[in-house]
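Engineer: The sequence isn't on hand, but the structure is:
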């Protein structure tokens, strides 16, 4: 056990004392945790405050920490847990009264230290799920049992989303897609089965003792992802942890330890036993992170992407010395980052997936031309079909599959606009085909310009500015957002004297084409056009 005290006096044979006195700054996990969390002194009966020095801090089985372990920003971030004190202390007392232990654990502790704690709190306990339910039901505002088969009970209390999980260890057999859960009896057992050391820290409640048996605080300060045990054992227990490594690297902007990367490369095939739904959720979190390039690159470099998103590494096309084209893989990652920069209301999964997948049809459509050029004719159509197939395999919702595939299909449409040669009819069709995705299509199209030629980039930007201005002008004149024929189905049936059937749909489509081509029509003109079309059908 390492005990740190500003006074620097050893009060126990098993204690190592690291003095924080003098001009050296006090380690913030000590200072912040003591002052904000109310952690008791481990030495001299808790009398540190009365002695007039910074209190002691207990780190069971941890490595020594230096005074500069965390940055000043991270030092201040430790005060975050002050917000959770009332609900956490109250819950801990209830567990204690029932004869059980409770600790804040994992991502909640990590995020508190990083200053990014939200309203989700994760706790771990020696109580079995049925005992957890007995404690939570009379206390929480709501309780749910969705994860109870895995030892987790969820609850809501005063706006906090709470999960309490029984100490456990879990592992896969070689063919199962679901973890086998067994319960443990100590927090040490629980922490060693966690995915990474930065997620293997806990604060025992209500005593508020910081527990870090695997050096997670050191790794947090170094911004590195390591596993509590060997990465091979960790990934064998749950292969999804390999994807979590990429996800956390993207979310936290951390580096992944070399031995972890090596294990990911060696064990990439193990991801095949994980369900598509679990893979999809990790992929979503990675894509929605602040640094998705880092996580995606790791998936590609380790071979994991070959198993879960093979279209991405396939973009790393071989170069031909006689036929040159831009690096499609790097271009894709740049487009993704540029699309992120255009987001105005937070991370947009639809836009980011479309940016990531917009060129996946290029490998299948690449052709080497006689003049040295390389072409990818109709790659947007092929790519839309490939996008649909991959997203269905990953069990995405039908609506999301439809939207992302449509954006991939439309992402080249603008390039026929030139310097403004489109007619009003062509602009109307562009808006009609994009429908509610028009705003995202604007962002995707602008993001798809990655040329280093500043004159070309500026010309493309001006051209798209012009298209958006024309769309806005037509929208003001014609309500383009809801382009419909000038006559509805009921009017068509009444004018032609026909009953519901295919003819009504055909007439509706004809009037819609006229609307797109010519703009709004007066009622009498629309009726005349309808009658003329109908006469041609009967002839």
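Structural biologist: That came in fine, so what should we check first? What you are looking at is a predicted structure, and each value in this text was computed from that prediction instead of being measured.

Engineer: I figured residue 157 was touching residue 140, is that so?
Structural biologist: Yes - counting by C-beta atoms under 8 Å, residue 140 is a contact partner of residue 157 at 4.9 Å. (Glycine included, C-beta is placed from N, CA and C.)

Engineer: Am I right that residue 452 is in a helix?
Structural biologist: No - counting by DSSP: H, G, I helix; E, B strand; the rest coil, one finds residue 452 to be coil, located in no helix.

Engineer: Can you report how many residues lie near it?
Structural biologist: By other C-beta atoms under 10 Å, 7 other residues sit near residue 452.

Engineer: And for residue 261?
Structural biologist: Residues lying near residue 261 (other C-beta under 10 Å) number 19.

Engineer: ditto for residue 207
Structural biologist: Here the number of neighbours of residue 207 (other C-beta under 10 Å) works out to 14.

Engineer: cool, and residue 296?
Structural biologist: By other C-beta under 10 Å, 26 other residues sit near residue 296.

Engineer: what does the helix or strand where residue 333 lies rub up against?
Structural biologist: According to DSSP states H and E, residue 333 maps onto helix 328-341. Here helix 328-341 makes contact (C-beta atoms under 8 Å, 6 or more residues apart in numbering) with 292-293, 296-297, 300, 312-313, 315-317, 347, 351-352, 354-356, 358-359, 362-363, 443-444, 446-448, 450.

Engineer: quick revisit: okay, and the common contacts of residue 157 and residue 140?
Structural biologist: Common neighbours of residue 157 and residue 140 (criterion: C-beta under 8 Å, 6+ apart): none identified.

Engineer: And the helix holding residue 333, what's buried?
Structural biologist: Buried residues in helix 328-341, counting neighbours by 16 or more other C-beta atoms under 10 Å, are found at 328-329, 331-340.

Engineer: what comes up buried for the next helix or strand after it?
Structural biologist: Counting by DSSP H and E, the element after helix 328-341 in chain order, helix or strand, is helix 349-357. For helix 349-357, burial by neighbour count (16+ other C-beta under 10 Å) applies to 350-357.

Engineer: where does the chain have its least confident helix or strand?
Structural biologist: helix 48-51 (a mean of 28; mean pLDDT, DSSP states H and E).

Engineer: Can you tell me how far residue 432 is from residue 200?
Structural biologist: Distance, residue 432 to residue 200, using C-beta to C-beta, to the nearest Å: 54 Å.

Engineer: what's residue 143 sitting at in phi/psi?
Structural biologist: Phi and psi for residue 143, reported as degrees, to the nearest 10, are phi -140, psi 140.

Engineer: in the sheet, who's paired with it?
Structural biologist: Here residue 143 sits in beta bridges with residue 155, going by DSSP bridges.

Engineer: thinking it is in contact with residue 161, fair?
Structural biologist: No - contact criterion C-beta under 8 Å: residue 143 and residue 161 do not qualify, at 11.8 Å.

Engineer: and for these two, which residues touch both?
Structural biologist: Common neighbours of residue 143 and residue 161, using C-beta under 8 Å, 6+ apart, are residue 154.

Engineer: of the two, who's got more company?
Structural biologist: Counted by other C-beta under 10 Å, residue 143 and residue 161 do not tie: residue 143 has more neighbours, with 18 against 14.

Engineer: where's that one relative to residue 108, distance?
Structural biologist: For residue 143, the distance to residue 108 equals 19 Å [C-beta to C-beta].

Engineer: Can you classify residue 99 by secondary structure?
Structural biologist: Per three-state DSSP, residue 99 ends up coil.

Engineer: What ranges in the stretch 201-350 of the chain fall below the confidence cut-off?
Structural biologist: 318-326 (pLDDT under 70).

Engineer: now the residue nearest the centre of the chain, nearest residue through space, not along the chain?
Structural biologist: By C-alpha atoms, centre = their mean, the chain has its centre lying nearest to residue 285, at 2.0 Å. Spatial nearest neighbour of residue 285, excluding adjacent residues (C-beta to C-beta, 6 or more residues apart in numbering): residue 247 at 5.1 Å.

Engineer: Residue 278 too?
Structural biologist: Excluding its sequence neighbours, the residue lying closest to residue 278 (C-beta to C-beta, 6+ apart) is residue 240, at 5.5 Å.

Engineer: Dig out what residue 120 forms beta bridges with.
Structural biologist: Residue 120 forms beta bridges with residue 161, as assigned by DSSP bridges.

Engineer: Report the separation between it and residue 314.
Structural biologist: Distance of residue 120 to residue 314, given as C-beta to C-beta: 36 Å.

Engineer: between these two, which one's more packed in?
Structural biologist: Ranked by neighbour count (other C-beta under 10 Å), residue 120 and residue 314 place residue 314 first, with 18 against 12.

Engineer: wouldn't the more buried one be in contact with residue 361 here?
Structural biologist: No - checked against C-beta under 8 Å, the pair residue 314 and residue 361 is beyond contact range at 10.4 Å.

Engineer: Just the pLDDT at the nearest residue to residue 409 once chain neighbours are set aside, thanks.
Structural biologist: Leaving aside its sequence neighbours, residue 409 sits nearest to residue 384 (C-beta to C-beta, 6+ apart; 3.8 Å). Note for residue 384: predicted pLDDT of 96.
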